[in-house]
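Peer 1: okay, structure incoming, though there's no sequence with it:
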């Protein structure tokens, strides 16, 4: 499949729909998070599930990231080309085929993964020994999100099982809460982050009192990184969305009550007007197959007078506050996705733009619904 | 990217998440729609945006389809390998790059596309003459869906512009209503289909009274095809979802008040349990990047006691009515997508299963957010 643009193209030459990243904003975001982590004295392990793109991973590593997170074995495989040496597959991996692939990765780089179940520990150990590799393992705790992690009362048997299992090394704890990232009010978000930190500290203390090492306490995300670092418990943060941002993160409030904007919006879907109705209703060539809509409709960048109100598979409906200012047939609009990660996963490539010119087009090596 | 299974594999060997099609059900669906169209004396042009897969298109054509619909130029390009000779790109195409690609297609097969705007007709004509090809054109009417089509009062100037434009041939009218397909009550759905037919008949009569030919009246879909054919106005139907079905179509009611099941559910997402909590909550490896959730959560096939209640990017939460019957760590579940088209678009391949064995794995040539 050919890419929708070539280096040197003006914006007008980009075929639509296309996923665009503003390079100035992307670079500023990568630099800002790296500077924050450096100054806060906390390790930064960006979550690559957001972008699934080798070139962005390379830039995060060059800025000082200690490694990457991935959510899938296929993502980890795709992102090896970034030169990453320390990969956290922050998910629970099951199945002989996938564990064999995880073992193949562990022959090339340091691989850490999660568990929360003694029976699962046995599967990981069996795969590691069968393939002659070592998996480092984090026990996932319930960080306040009621998902896959363990409460304090169930933690020790699983951590002990990891520490004793052949082929496994207990590296510490994963304390990530997804819902906390999207708590709108800054004070409530800080309280939730403090609760996650308390749970992490308690879990670490339980491990250490039992004679188990816990060198790594990792978690945190784009919504909570300042509070996570401030709490002084996690020694690593794993934010992902900060490279791109989206309208869902834009709904968070900052401490002053204003919009939460520690990072610039860098990600856009470029779309063209296929039909400009005389009544000011327009249809564009980006619908449910070009935008993930689970977190709502996209915004139209720079045009608060235009609302994206509905999507079919391949078309979006745009309504203009003033019909006379509706976009014309063929006009291009830049949409701000409501949820960056699953929108990026739809695309084969990311058109990186500097000002009004295409600088480079990057493949999204890990995209799609993969194993 | 390797496929998640190979021909001859047992189900248990399929890596997850994977998109599965039950071949017996798929073949029965293709045969049933073809038989319906043959007996009703109406042409069948399946919408390939549903599957984007050359092998399924081939089977639809072999069963007697007169051609295919596509929604994108990239889909049309990808589906040429099916041997299709008559392609309807049922969308409004703008932009020099995309029109050049449409012209390249028109050198190989008969290409028809849509318009509803005299300025757009000029763009189509310019591209056709510049590239030395002919585009056949349908004027899209408002079929009752208030989308891109024209009302009767605006129709004639556009139809005349098509008929007079160099490089264009007026082939007729497109009268498709998406919302009508999902009207739940059978009688209300029949009424809506009758309204679409009335609009189509009125538009055709206006054209013919003006001396314009209208050999093709096309529209209709999986929810309305019986009513569309029964109304006797459309001479072609363009259903897509009938090959797969989904939970959204399952919410339609049939004339007897029971579930709308003219076709069998053939499409599933196979997923594995990554975490089986002692309280009966499970997490599987299919979330918002493996399932389109705009029409709600998926069902768990054959397990009405299990509910898929929430999704993060790469994980889905399953709650069991009886915790003792919750699936075990590593167990596989088959999910019924809520909306087939945008779910299929997420995958690189379709694992075609006959009974308990993988028969063949098909690439989904047109998948992804393409131009």
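Peer 2: Here it is on my side, so go on. What you see is a predicted model, and the numbers here were worked out from it, not measured in a lab. Numbering: from 1, shown residues only, chains lettered A, B, ... in the order given.

Peer 1: for the residue lying closest to residue A:129 once chain neighbours are set aside, give me phi and psi.
Peer 2: Distances taken as Cβ to Cβ, 6 or more residues apart in numbering or on different chains place residue A:167 nearest to residue A:129, at 4.3 Å, with adjacent residues excluded. Where C-beta positions appear, they are placed from N, C-alpha and C, glycine not excepted. Note on residue A:167: backbone dihedrals following degrees, to the nearest 10 are phi 80, psi -10.

Peer 1: show me what contacts residue A:167?
Peer 2: By Cβ atoms under 8 Å, 6 or more residues apart in numbering or on different chains, residue A:167 lies in contact with A:124-125, A:127-129, A:133-135.

Peer 1: what of residue A:358?
Peer 2: For residue A:358, the contact set (Cβ under 8 Å, 6+ apart) comprises A:5-11, A:13-14, A:351-352.

Peer 1: again with residue A:346
Peer 2: Residue A:346 makes contacts with A:19, A:289-292, A:367, B:345-346, B:368-369, as judged by Cβ under 8 Å, 6+ apart.

Peer 1: get me the contact residues on the stretch 151-300 of chain A for chain B.
Peer 2: A:178, A:272-277, A:283, A:285, A:288-290, A:292-294 (Cβ under 8 Å from any Cβ of the partner chain).

Peer 1: do I have it right that residue A:319 meets residue A:300?
Peer 2: No - contact criterion Cβ atoms under 8 Å: residue A:319 and residue A:300 do not qualify, at 10.3 Å.

Peer 1: helices and strands of chain A: which one bottoms out on pLDDT?
Peer 2: Lowest on mean pLDDT, DSSP states H and E among the helices and strands of chain A sits helix A:247-250, with a mean of 94.

Peer 1: which helices and strands does that one pack with?
Peer 2: Using 3 or more Cβ pairs under 8 Å, 6 or more residues apart in numbering or on different chains; DSSP states H and E as the contact criterion, no helix or strand is in contact with helix A:247-250.

Peer 1: hang on, the earlier thing: now the common contact residues for residue A:319 and residue A:300.
Peer 2: Common neighbours of residue A:319 and residue A:300, using Cβ under 8 Å, 6+ apart, are A:306-307.

Peer 1: which parts of stretch A:53-69 are buried?
Peer 2: A:53-57, A:59-61, A:63, A:65-69 (16 or more other Cβ atoms under 10 Å in any protein chain shown).

Peer 1: end to end on it, go ahead and measure it.
Peer 2: Terminal residues of stretch A:53-69 lie 12 Å apart, using Cα to Cα, to the nearest Å.

Peer 1: report the distance from that stretch to the chain centre.
Peer 2: Here stretch A:53-69 is found 13 Å from its chain centre; the criterion is Cα atoms, centre = their mean, to the nearest Å.

Peer 1: is it anywhere near chain B?
Peer 2: No - judged by Cβ under 8 Å from any Cβ, stretch A:53-69 stays clear of chain B, getting no closer than 11.5 Å.

Peer 1: partners of the longest strand along chain A in the sheet?
Peer 2: For chain A, the longest strand by residue count, based on DSSP state E, is strand A:267-276. Using DSSP bridges, strand A:267-276 pairs in its sheet with strand A:18-22 (antiparallel), strand A:281-284 (antiparallel), strand A:332-336 (antiparallel).

Peer 1: ok, back up a step: out of the buried residues of stretch A:53-69, which is nearest to residue B:44?
Peer 2: Of all these, residue A:53 has the smallest distance to residue B:44: 41.5 Å, by Cβ to Cβ.

Peer 1: roughly how far apart are the closest one and chain B?
Peer 2: 15 Å (Cβ to the nearest Cβ, to the nearest Å).

Peer 1: next one: residue A:89
Peer 2: To chain B, residue A:89 is 11 Å away according to Cβ to the nearest Cβ.

Peer 1: on that earlier part again, which one of the buried residues of stretch A:53-69 sits closest to residue B:157?
Peer 2: For these, the nearest to residue B:157 is residue A:53 (47.2 Å; Cβ to Cβ).

Peer 1: domains in chain A, as residue ranges please.
Peer 2: For chain A, the domain assignment from automatic domain parsing gives the residue ranges A:11-18+A:261-363, A:24-244.

Peer 1: mean pLDDT added to these, as a markdown table?
Peer 2: Converted to a markdown table, the domains of chain A look like this (pLDDT from 0 to 100):
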| stretch | mean pLDDT |
| --- | --- |
| domain A:11-18+A:261-363 | 97 |
| domain A:24-244 | 97 |
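
Peer 1: circling back: wait, which of the contacts of residue A:358 is closest to chain B?
Peer 2: Minimum distance to chain B across those is 7.3 Å, recorded for residue A:13 (Cβ to the nearest Cβ).

Peer 1: so who does the residue lying closest to that closest one once chain neighbours are set aside touch?
Peer 2: Among residues not flanking residue A:13 along the chain, residue A:5 sits closest, at 6.3 Å (Cβ to Cβ, 6+ apart). For residue A:5, the contacting residues are A:13-15, A:18, A:351, A:358, A:361, by Cβ under 8 Å, 6+ apart.

Peer 1: for the residues you listed, pick the one with the most neighbours.
Peer 2: residue A:18 (27 neighbours; other Cβ atoms under 10 Å in any protein chain shown).

Peer 1: pretty sure that one contacts residue A:272?
Peer 2: No - in this structure residue A:18 lies outside contact range of residue A:272 using Cβ under 8 Å: 9.8 Å.

Peer 1: any common contacting residues for the two?
Peer 2: Here residue A:18 and residue A:272 share no contacting residue, scored by Cβ under 8 Å, 6+ apart.

Peer 1: contacts for stretch A:119-136 next, please.
Peer 2: Taking Cβ under 8 Å, 6+ apart as the rule, stretch A:119-136 contacts A:92-94, A:96, A:99-100, A:102-104, A:106-107, A:110-113, A:115, A:137, A:158, A:161-162, A:165-171, B:275, B:329-330.

Peer 1: which of the residues you listed fall in helices?
Peer 2: Using DSSP state H, the members of the contacts of stretch A:119-136 that fall within helices are A:96, A:99-100, A:102-104, A:106, A:158, A:161-162.

Peer 1: want to try JSON lines for those, with neighbour count and distance to residue B:147 as columns?
Peer 2: Output for the ones in helices among the contacts of stretch A:119-136, formatted as JSON lines (neighbours: other Cβ atoms under 10 Å in any protein chain shown; distance: Cβ to Cβ, whole Å):
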{"residue": "A:96", "neighbour count": "15", "distance to residue B:147": "49"}
{"residue": "A:99", "neighbour count": "21", "distance to residue B:147": "48"}
{"residue": "A:100", "neighbour count": "13", "distance to residue B:147": "49"}
{"residue": "A:102", "neighbour count": "24", "distance to residue B:147": "47"}
{"residue": "A:103", "neighbour count": "21", "distance to residue B:147": "52"}
{"residue": "A:104", "neighbour count": "14", "distance to residue B:147": "49"}
{"residue": "A:106", "neighbour count": "22", "distance to residue B:147": "52"}
{"residue": "A:158", "neighbour count": "22", "distance to residue B:147": "54"}
{"residue": "A:161", "neighbour count": "22", "distance to residue B:147": "58"}
{"residue": "A:162", "neighbour count": "23", "distance to residue B:147": "56"}
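
Peer 1: now for these, which pair is the farthest apart?
Peer 2: Longest span within the ones in helices among the contacts of stretch A:119-136, Cβ to Cβ: A:104 and A:158, 25.5 Å.
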